[in-house]
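Asker: A structural model of the following input is requested.
(one chain, ligands or ions: 1)
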Amino acid sequence: MFESLKPVGMDPILGLMAAFREDIRATKIDLGVGVYQDDRGRTPVMASVKEAEAQLMELETTKSYQGIAGDPEYNQRILQLLFGAGHSILDSGRIKTIQAPGGSGALRVGAEVIQRARPGAKLWVGVPTWPNHIPLLGGAGFEIVEYPYYNLNSHQIDTDAMMDALRQVPAGDMVLLHGCCHNPTGADLSNQQWDQIADLALERGFIPYIDTAYQGLGDGLDEDAYGVRMMADRLPELVIASSCSKNFGLYRERTGSITFITETPEQADIVAAQAMSVARQIYSMPPAHGALLVSLILGDKQLRANWEAELTEVRTRIQSMRSLLADNIQQNAAGIDFSHIKQQKGMFSFLGLNTAQLDQLRDEFGIYIVSSSRVNLAGINSSNIDYLSDSIISVLK
Ligand SMILES: Cc1ncc(COP(=O)(O)O)c(C=O)c1O
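Answerer: Purely as a prediction, here's the structure:
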């Protein structure tokens, strides 16, 4: 049977990671892989997570199955994290969350539910977007339609082109938006742009599907949730996938959630039951460990304060690496302006280098960057920033 299968090409990032591992140069730098690294180049377990794990060792009395919707306390606390404790949507009865295996699992469950509600619905996706959005969401049956998002020359959101395209979206289609810390560009919607897209959604009747994978890594936990909270206030329907991979450093624990806002409480109950039926068909129940840790941290004053302090450290370290890199390479022979790196948010930005320059960085200097020139700013630290800056300036000569 398997003889009919064709080999599948390796994900370019995995290929880059493998080449990086084999590189024996001590000065090598990996700016490709999308995980946070501290100033010593490690991706550590957060201290607040370690403390919650110690508590969980004592508290946990069973490894029996949990419900298909996951841990109810986790779901409640994630809602409060997303919307803020006092948001009116939380008491409306029009909102339901179920735990999902990471942001990826959440995105897929959401997509499957939408396909059940409206088979063949179209999903409008900004260009560029996180490459995995396409197979993850398209694989559930969405027909993908692209809208312009980022201008590679100006390093800004292409506002006019984006709004023109969104004005064409028919009623009932879905529009994918990044909640914050846009991957791969780092160019986030301003509050005003969020408001304008909400106006259009109301006018046209399209429904935003918001992917929030980096809450707290941009400007702060509340600031990064502006779009989600405002749209929940104003729109009758909304779907939100969220992830605890980055802001809790729980990548491998697969901790996420999918949230549906519906027109009526009756619809919310039906949608939640449909989401559980989707989950049952794919994986039955989400993994428990990460969600129990998140629930413990968010439910305990001291643990939460410690976690927020650690998250602030993550955010400010990334911001300071952005500023240092942009300032260091601003004076270059090619006259390229890198100030966008300073202004953008989260872990990623495009450097804007061409293939020959990226190849030279890899071959001559051991600096690994994906072909789109997206860099993970969290791969920069006080030990490698000067070497990195000098190498970039060299390839721009
Ligand atoms: C934009 C975006 N959405 C979703 C995810 C999925 O995260 P998770 O690891 O929780 O599945 C990522 C991970 O890189 C991402 O960048």
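
Asker: who in the chain is up against the ligand?
Answerer: Residues of the chain lying close to the ligand by Cβ under 6 Å from any ligand atom are 34, 102-104, 130, 178, 183, 211, 213, 243, 245, 251, 256. Every residue, glycine included, has its C-beta placed from N, CA and C.

Asker: most neighbours, which of the residues you listed?
Answerer: G256 (29 neighbours; other Cβ atoms under 10 Å).

Asker: wait, it sits on A100?
Answerer: Yes - using Cβ atoms under 8 Å, G256 is in contact with A100, at 4.7 Å.

Asker: okay, and the common contacts of these two?
Answerer: Common contacts of G256 and A100 (Cβ atoms under 8 Å, 6 or more residues apart in numbering): A106, A241.

Asker: show me the longest helix that occurs in the protein.
Answerer: helix 301-329 (DSSP state H).

Asker: and the helix or strand just after that helix, which residues are buried?
Answerer: As assigned by DSSP states H and E, the chain's next helix or strand after helix 301-329 is helix 339-343. Buried residues in helix 339-343, counted by 16 or more other Cβ atoms under 10 Å: H340, I341.

Asker: next: stretch 308-319.
Answerer: E308, E310, L311, V314, R315, R317, I318, Q319.

Asker: and what of stretch 168-180?
Answerer: Judged by neighbour count (16+ other Cβ under 10 Å), stretch 168-180 contains these buried residues: V169, D173, M174, V175, L176, L177, H178, G179, C180.

Asker: quick check: G32 is in a helix.
Answerer: No - counting by DSSP: H, G, I helix; E, B strand; the rest coil, G32 falls outside a helix, being coil.

Asker: isn't it up against Y368?
Answerer: Yes - the pair G32 / Y368 is scored as a contact, 5.1 Å apart, by Cβ under 8 Å.

Asker: now for the two: what residues contact both?
Answerer: Joint contacts of G32 and Y368 (Cβ under 8 Å, 6+ apart) are L16, F20.

Asker: and G9, what's its pLDDT?
Answerer: pLDDT, G9: 80.

Asker: helix, strand or coil for it?
Answerer: coil.

Asker: neighbours of it, how many?
Answerer: The number of residues near G9, taken as other Cβ under 10 Å, comes to 7.

Asker: circling back: now do the longest helix of the chain: which elements does it pack against?
Answerer: Secondary-structure packing of helix 301-329 (3 or more Cβ pairs under 8 Å, 6 or more residues apart in numbering; DSSP states H and E): helix 47-59, helix 289-299, helix 339-343, helix 385-395.

Asker: follow-up on the earlier one: and the two most separated of the buried residues of stretch 168-180?
Answerer: D173 and C180 (23.0 Å; Cβ to Cβ).

Asker: ok, back up a step: just name the most buried of the helices and strands packed on helix 301-329.
Answerer: helix 289-299 (a mean of 23; mean count of other Cβ atoms under 10 Å).

Asker: got the CA positions of that helix in PDB?
Answerer: Extracted in PDB, the C-alpha atoms of helix 289-299 (Å, rounded to 0.1, in the frame of the first residue of the first chain):
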ATOM      1  CA  HIS A 289       0.100  18.800  32.000                       C
ATOM      2  CA  GLY A 290       0.700  22.200  30.500                       C
ATOM      3  CA  ALA A 291      -2.900  23.400  31.100                       C
ATOM      4  CA  LEU A 292      -2.700  22.300  34.700                       C
ATOM      5  CA  LEU A 293       0.500  24.400  35.100                       C
ATOM      6  CA  VAL A 294      -1.100  27.400  33.400                       C
ATOM      7  CA  SER A 295      -4.200  27.100  35.600                       C
ATOM      8  CA  LEU A 296      -2.100  27.000  38.700                       C
ATOM      9  CA  ILE A 297       0.000  30.000  37.700                       C
ATOM     10  CA  LEU A 298      -3.000  32.200  36.700                       C
ATOM     11  CA  GLY A 299      -5.000  31.200  39.800                       C
END
